[in-house]
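*Asks:* Curious how this folds, go ahead:
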Amino acid sequence: MIAANLPFDLQIPLAGVLLALGTWLLLGRLGRRCRSGSLGQTLLLSGRVSLAGTVLLSSAGWWLAGLEVRNLLLTIGVIWTLLRWRGELKQRAEHYAAQLLPHLSSKDQLFLFDVLDKLLTTAALLVVLVMALDLLGVSAGVLITAGGFGAAALGFGARTIVENGLSGLSLYINRPFVLGDTINLPGLSLLGTVEQVGWFYTELRDPERQRIYVPNGVFTSQAIQNLAQIDNRRIWIEFGLSFSDRERVATITQNLEQRLSSLPGVDPAKDQLAHFVGYGESSLQLRLLCYAASSDIHAAWALRQQALLLIGEVVEQAGGSMPFPTRLLIRAPNAKDHP
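*Replies:* Numbering: from 1, shown residues only. Coordinates of the predicted model:
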């Protein structure tokens, strides 16, 4: 009754204050009903300030300056809310990713959560673009003309940008690797751990802890080795015996194959081999092959160490020896010594 007796100019700000207060109370009530620490509660409570503030400011703008200002403030409020949500998601990405995608691995959770982050950013940019076009009064004909200029720009130099952008989208769809994977690009001699996948560049961290920014277009034209997807790591060791130990080769290789399975960390379902493979310049060349039971690089290093110690032990027990390259210096007759 009181609002009905007020002039129309005063009804607008009063309705805005009441609607903003109602929005604040409603979001708070809904947020308290959600499970503590859940993503829903976080989004509802973090959006109270921006949504209630948007309602209040847009009603004030409508009251003071008209519908155009109100629409502008509403658009700014939507962008404000999206950016606040994005900040909340990035702050506790691992926690919320585990809530939303509990059946996926932690790497896949972070990867898909990164997609959600980029979608929110893209949505905010699109809202800004639409708002800017609306304020400028851009018509459909202008957009078509701009598309023609865009095609020309593509032909004169934007091809690489578009290629990297489309390749970035392909990485999100096909997922040859995810955040945290270690990948190798043999064609470029690049090895690193994936720390971020952007629309145009992917950020790697190499073994020297240096950051490498790789254009996404590279991944559509180069072979990629995803070392994180290795099921078993191969242990391949080449060693030599003295030429005088040729009769001991069969005994040494047989003993190695028999004792390989006793090493901790060996995969019993895969090859465990030791062979004589050739005559070297200064030794008989032998090769040992086995596989680690897991993909963990540290376990593979430990297994390799055990295998090297086993080789030395078996060769010593067989009475053999491992030579090293030697050179014989022959002095010319009557040659003088030089300092």
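*Asks:* the helices in the stretch 151-300 of the chain, which residues?
*Replies:* Ranges of helices in the stretch 151-300 of the chain, per DSSP state H, counting those that start in this stretch, are 159-174, 249-260, 297-317.
*Asks:* Pull the residues that contact the longest one.
*Replies:* Put plainly, it is helix 297-317. 233, 235, 237, 239, 241, 252, 255-256, 259-260, 263-266, 288, 290, 292-293, 321-322 (CB atoms under 8 Å, 6 or more residues apart in numbering). Using the backbone N, CA and C atoms, a C-beta is placed for each residue, glycine as well.
*Asks:* Stretch 237-250 too?
*Replies:* Here stretch 237-250 makes contact (CB under 8 Å, 6+ apart) with 252, 276-277, 280, 282-289, 304, 307-308, 311, 315, 318-323.
*Asks:* mind listing which of those are in strands?
*Replies:* Cross-referencing these against strands under DSSP state E gives 276-277, 284-289.
*Asks:* Run through the protein and note the low-pLDDT ranges.
*Replies:* 1-10, 96-97, 99-113, 120, 124, 127-128, 130-165, 325-328, 332-339 (pLDDT under 70).
*Asks:* Show me what the host helix or strand of G87 packs onto, helices and strands only.
*Replies:* For G87, the element it lies in under DSSP states H and E is helix 67-91. Contacting helix 67-91 under the criterion 3 or more CB pairs under 8 Å, 6 or more residues apart in numbering; DSSP states H and E are the following elements: helix 39-65, helix 106-136.
*Asks:* buried ones in it?
*Replies:* Neighbour counts over helix 67-91 (16 or more other CB atoms under 10 Å) mark 69-82, 84-86, 88-89 as buried.
*Asks:* next one: stretch 167-178
*Replies:* Neighbour-count burial for stretch 167-178, counted by 16+ other CB under 10 Å, picks out 167-168, 171-172, 177-178.
*Asks:* for stretch 202-218, same thing?
*Replies:* In stretch 202-218, counting by 16+ other CB under 10 Å, buried: 202-204, 212, 214, 216-218.
*Asks:* which one of these is nearest A123?
*Replies:* The closest of the buried residues of stretch 202-218 to A123 turns out to be N216 (CB to CB; 21.1 Å).
*Asks:* If anything else comes up later, I'll come back, but that's it for now.
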